[in-house]
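Chemist: fold the following, please.
(chains A and B)
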Amino acid sequence: MKPTAKEYDKLNQQASKNTKSYITIPKAFVIGGLICMLGQAFIDLYQHFGVEKSVASTLCSVTLVFLASLLTGLNVYNKIAKHGGAGTLVPITGFSNAVTCSAMEFKSEGLILGLGAKIFTIAGPVIVYGLAASALYGLILCIIRLF
Amino acid sequence: MRSYLIITEMEMVLMYLKVFLVGGLLCAVGQVLIDYTKLTPARILVSYVVAGVALGAVGIYEQLVEFAGAGATVPLTGFGYLLAKGVKEAVAANGFLGILTGGLTAASAGIAAAILFGLIMALLFKPQDKS
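Modeler: A predicted model of the protein is given here:
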């Protein structure tokens, strides 16, 4: 049996009844804010040890990506994400979590077309459209330079 | 440029407050999108990156990064900003070739880290029940 669009909406609303925005939005705010503060702490730490600012920022991203990936493997990140919502999705840790999650989930379908292909399930669209947008910007810059 | 050591405690507290507020706000916007629109998480991540490229291109995001540091660079809009910044610098240095090289060069560390750590963790750990 296939539900009609209207029935589906109703089912959907029933299923997502327990997500109340006055709870989910502040939670996302606090958890996302805390993850960013952790990132700032890493930047400050690396700069404290004499690393240049832009390199410290890159190292911070790599550190957060590593931590999120490890915590995903240990099934800890997913538990935080249940509360964090967008607070755990929007930071770069959410990107890392999505990549590791897809890789783990599809390992059972084989290392090449399972893990190797599906690791890009979320990373792929992000890279494709991010790259396309940046290339368009580059093209505009080049055209402006001609005049 | 001031050295890290002479930044007063007060300035540091203020900086972390700004990081928390801007980072939190960017995440709260994402939660509003999840709660009130039917955007899937993947669509939200793509929107954030593209928005970051656009805001980086018009120069707004640069100011946000100066204002809030990691509060602006850690959310995925920061990833988009990085792509735009990379392209701008590469076009300035190499012209047309920069359109192709700039974005991925600037974002390479983050992408490589996500893929490599993802591969390692997937080989080490088994997925668990989502109960």
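
Chemist: okay, buried residues for stretch B:115-131 please.
Modeler: Within stretch B:115-131, the residues that count as buried by 16 or more other Cβ atoms under 10 Å in any protein chain shown are B:115, B:117-122, B:125, B:127. For glycine as for every other residue, the C-beta is placed from the backbone atoms N, C-alpha and C.

Chemist: distance between that stretch and the chain's centre?
Modeler: Taking Cα atoms, centre = their mean, to the nearest Å, one finds stretch B:115-131 lying 23 Å from the centre of the chain it belongs to.

Chemist: list the contacts of it.
Modeler: For stretch B:115-131, the external contacting residues (Cβ atoms under 8 Å, 6 or more residues apart in numbering or on different chains) are A:65-66, A:69-70, A:72-75, A:78, A:96, A:99-100, A:102-105, A:107, A:115, A:119, A:123.

Chemist: wait, doesn't residue B:90 sit right on residue B:104?
Modeler: No. Counting by Cβ atoms under 8 Å, residue B:90 does not reach residue B:104; the two are 9.9 Å apart.

Chemist: and the spatially most central residue of chain B, what does it touch?
Modeler: Chain B has residue B:78 as the residue nearest its centroid, 2.3 Å off, counting by Cα atoms, centre = their mean. Residues near residue B:78 by Cβ under 8 Å, 6+ apart: A:92, B:52, B:61, B:65, B:72.

Chemist: make it 6 Å
Modeler: Contact analysis of residue B:78 by Cβ atoms under 6 Å, 6 or more residues apart in numbering or on different chains lists residue B:72.

Chemist: likewise for residue A:20?
Modeler: By Cβ under 6 Å, 6+ apart, residue A:20 has no neighbours at all.

Chemist: let me know the secondary structure of residue B:38.
Modeler: coil (DSSP: H, G, I helix; E, B strand; the rest coil).

Chemist: low-confidence regions, the chain specifically.
Modeler: Going with chain A. Regions of chain A meeting the criterion pLDDT under 70 cover residues A:1-3, A:10-19.

Chemist: I was after chain B.
Modeler: B:1-7, B:129-131.

Chemist: rewinding a little: where does the residue nearest to the centre of chain B fall, secondary structure wise?
Modeler: Using DSSP states H and E, residue B:78 falls within helix B:76-94.

Chemist: list the buried residues for that helix?
Modeler: The neighbour-count check on helix B:76-94 (16+ other Cβ under 10 Å) flags B:76-88, B:90-91 as buried.

Chemist: tell me the helices in chain A, going along the chain?
Modeler: For chain A, the helices defined by DSSP state H occupy A:5-15, A:21-48, A:53-73, A:77-84, A:86-89, A:92-105, A:117-118, A:120-146.

Chemist: orientation of the last one relative to helix B:76-94 in degrees?
Modeler: Same thing as helix A:120-146. 40 degrees (axes from the mean of the first three to the mean of the last three Cα atoms, to 10 degrees).
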